[in-house]
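Trainee: from the sequence below, what's the structure:
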Amino acid sequence: MRNKILIFGDSITYGQRDLVLGGWTNRLKLDLANDSSIASCHVFNMGISGQTSGEILARLDRECEGRVLPDANNIIILACGINDTQVSGGIVRTPEEEFAGNVRELIRHARMHASKVIYLGLTPVDESRTNPVWWDRSKNWKNELIIKYDGIIEAVCKEEDVPYVHVYDSIDEKGNDDGLHPSAEGHRVINEKIKEAVYRNLKRERVLKAAARPDKSGFFKRMLRVLRKRDRA
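Mentor: Now for the predicted structure:
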């Protein structure tokens, strides 16, 4: 059973400003690749810098084609919303009601391609450097709005019965590399948070097959029981 993980998001998903290991998505990929209990796991980074929930929704179905397979354990991680909170000229880029609708549609479209969907929450910004941002004095990001939109994500996930991974309180906004994007340390923290949810949904074909073989020591059967118990936790 192959594991296919597609991660849709923006510049933070892409790995912006993590000059050590290329972002939390790449860190997750490396951790999974080095886990010998997983037979096969492909991680696709579908992050595009600057995109909003609506822009990601517009491409999700198309980009799933050829990447998800009917005989695989397909997992989609949604990680977007920070760009929707951008304020320019006093106008929020994506109004709250529209954002809630986009989150709901992202989840529902993701379910058309994957049996498991996970939504990663938003990260804080350092307002001393994002109000406004240095590269465009007309654009602002504020934590008050980010918290509100993160709450919308959590509420919709609860209604749709989808795991929501809260990271806002675990990221040091003052440690953000440029005020908006998490530093390498921030990406490390995000990976540790999302990895817990991912591991609960992985298939471990290699361990399952090994446990089915004669095993006088009982090692593989004990390992299988431990993994199953962790998956249920």
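Trainee: now do the buried residues in stretch 184-197.
Mentor: Buried residues in stretch 184-197, counted by 16 or more other C-beta atoms under 10 Å: 184, 186, 187, 188, 189, 190, 191, 193, 194, 195, 197. Quick note: C-beta positions are derived from backbone N, CA and C, even for glycine.
Trainee: quick one: mean pLDDT for the helix or strand harbouring the fourth one?
Mentor: In this case it means residue 188. Residue 188 is part of helix 184-199, with elements assigned from DSSP states H and E. Mean pLDDT, computed over helix 184-199, is 97.
Trainee: and it, how far from the chain's centre?
Mentor: Distance of helix 184-199 from the chain centroid (C-alpha atoms, centre = their mean, to the nearest Å) equals 9 Å.
Trainee: and the buried residues of stretch 184-197 as a markdown table, adding distance to residue 16?
Mentor: As requested, the buried residues of stretch 184-197 are arranged in a markdown table below (distance: C-beta to C-beta, whole Å):
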| residue | distance to residue 16 |
| --- | --- |
| 184 | 11 |
| 186 | 11 |
| 187 | 9 |
| 188 | 15 |
| 189 | 15 |
| 190 | 12 |
| 191 | 15 |
| 193 | 18 |
| 194 | 16 |
| 195 | 20 |
| 197 | 22 |
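Trainee: can you tell me how far residue 5 is from residue 172?
Mentor: Remark: distance between residue 5 and residue 172 (C-beta to C-beta, to the nearest Å) = 27 Å.
Trainee: for residue 144, same thing?
Mentor: For residue 144, the distance to residue 172 - C-beta to C-beta - is 18 Å.
Trainee: quick one, which of those two is more surrounded?
Mentor: Comparing residue 144 with residue 172 by other C-beta atoms under 10 Å, the one with more neighbours is residue 172, at 13 against 8.
Trainee: how far away is the more buried one from residue 109?
Mentor: Counting by C-beta to C-beta - residue 172 and residue 109 are separated by 33 Å.
Trainee: and the strands in the chain?
Mentor: Under the criterion DSSP state E, the chain contains strands at 3-9, 41-47, 73-79, 87-88, 91-92, 116-120, 139-140, 164-165.
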